[in-house]
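Asks: Provide a 3D model corresponding to the input given below.
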Amino acid sequence: MWSHDKARLLGLPDDVATGAKAVVHEEVAGVRLRVSMESFFQASPQAAELLVDAVSRGSEGALDGADGPVIDAYGGVGLFAATVVPVGVHSVVVESSESACDDARINLRGQTAKVVHARFEHWTPQRAGLVIADPARSGLGKPGVGVIVETDAPRVVLVSCDAVAAARDARLLVDAGYAPTNVEVLDLFPHTHHVEVVTAFERT
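Replies: Next up, the predicted model:
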């Protein structure tokens, strides 16, 4: 019987690690990011770069920290906190994956950042100047929107990897007092029906 612990990969370069503890490094927007085998990352560095550009545009004018820290919700390895948030502006990465949190702590060295290992829906909200949220395909839903509302953030940038979830979450945010100000649709998965939707909201 075949056993996964006896599998071998042949022909890899000597400097390529394999196994559950292996890591890769990706460069996005000039920032080198560590991504462990068990951590989520975007489909490619190019896709991540396009998302970072869109989130940066959506966050413009809300990154000075004057109204509170930037909350990087469902923050993964710290992609947006490391690339969008200026050095010296406090950010809080909230992420449920322990592996991703470990990566984020390394990726955010030198930044004014805190990494919280928790489900965003269970996190104790704090006042924020901006929330960047990149939830799973199911979206924020009422629990995630409820936490965002409790941060009292004047700006929210929502990254949605499902158009239906994007529409549902937009309705929830509008009902909670946020108005959409900009929407970008990114085709990061050519020849499929999948798109990424980046929506900026302002509190009304």
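
Asks: remind me which residues of this structure are low pLDDT?
Replies: For the chain, residues meeting the criterion pLDDT under 70 lie at 1-21.

Asks: would you point out which residue is most central in it?
Replies: In the chain, the C-alpha nearest the mean C-alpha coordinate belongs to G75, at 3.9 Å (C-alpha atoms, centre = their mean).

Asks: what residues of the longest helix along the chain count as buried?
Replies: The helix spanning the most residues in the chain, taking DSSP state H as the definition, is helix 45-59. Residues of helix 45-59 classed as buried by neighbour count (16 or more other C-beta atoms under 10 Å): 47-56, 58-59. Glycine gets a C-beta too; all of them are placed from N, C-alpha and C.

Asks: any chance of these in CSV, plus distance to V85?
Replies: Output for those, formatted as CSV (distance: C-beta to C-beta, whole Å):
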residue, distance to V85
A47, 20
A48, 15
E49, 16
L50, 18
L51, 14
V52, 11
D53, 15
A54, 15
V55, 10
S56, 10
G58, 13
S59, 8
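
Asks: how about those, which pair is most distant?
Replies: The two members of the buried residues of helix 45-59 with the most space between them (C-beta to C-beta) are A47 and S59, at 18.4 Å.

Asks: the following helix or strand past the longest helix of the chain: partners in the sheet, and parallel or antiparallel?
Replies: The element immediately downstream of helix 45-59 (helix or strand, assigned by DSSP states H and E) is strand 70-73. When pairs are called by DSSP bridges, strand 70-73 turns out to pair with strand 91-95 (parallel), strand 130-133 (parallel).

Asks: and of the buried residues of helix 45-59, the nearest to Y178?
Replies: Using C-beta to C-beta, G58 is the member of the buried residues of helix 45-59 that lies nearest Y178, at 12.7 Å.

Asks: quick revisit: apart from its neighbours in sequence, what residue is nearest the residue nearest to the centre of the chain?
Replies: Nearest residue to G75 in three dimensions, chain neighbours excluded: V93, at 3.6 Å (C-beta to C-beta, 6 or more residues apart in numbering).

Asks: can you tell me how far the one you found sits from Y74?
Replies: Taking C-beta to C-beta, to the nearest Å as the criterion, V93 is separated from Y74 by 9 Å.

Asks: higher neighbour count, those two?
Replies: Neighbours were counted for V93 and for Y74 using other C-beta atoms under 10 Å; V93 has more, 31 against 23.

Asks: does that one touch K114 like I think?
Replies: Yes - using C-beta atoms under 8 Å, V93 is in contact with K114, at 7.2 Å.

Asks: related to what we said a few turns ago, which among the buried residues of helix 45-59 gets closest to F120?
Replies: The nearest member of the buried residues of helix 45-59 to F120, counting by C-beta to C-beta, is V55 at 16.6 Å.
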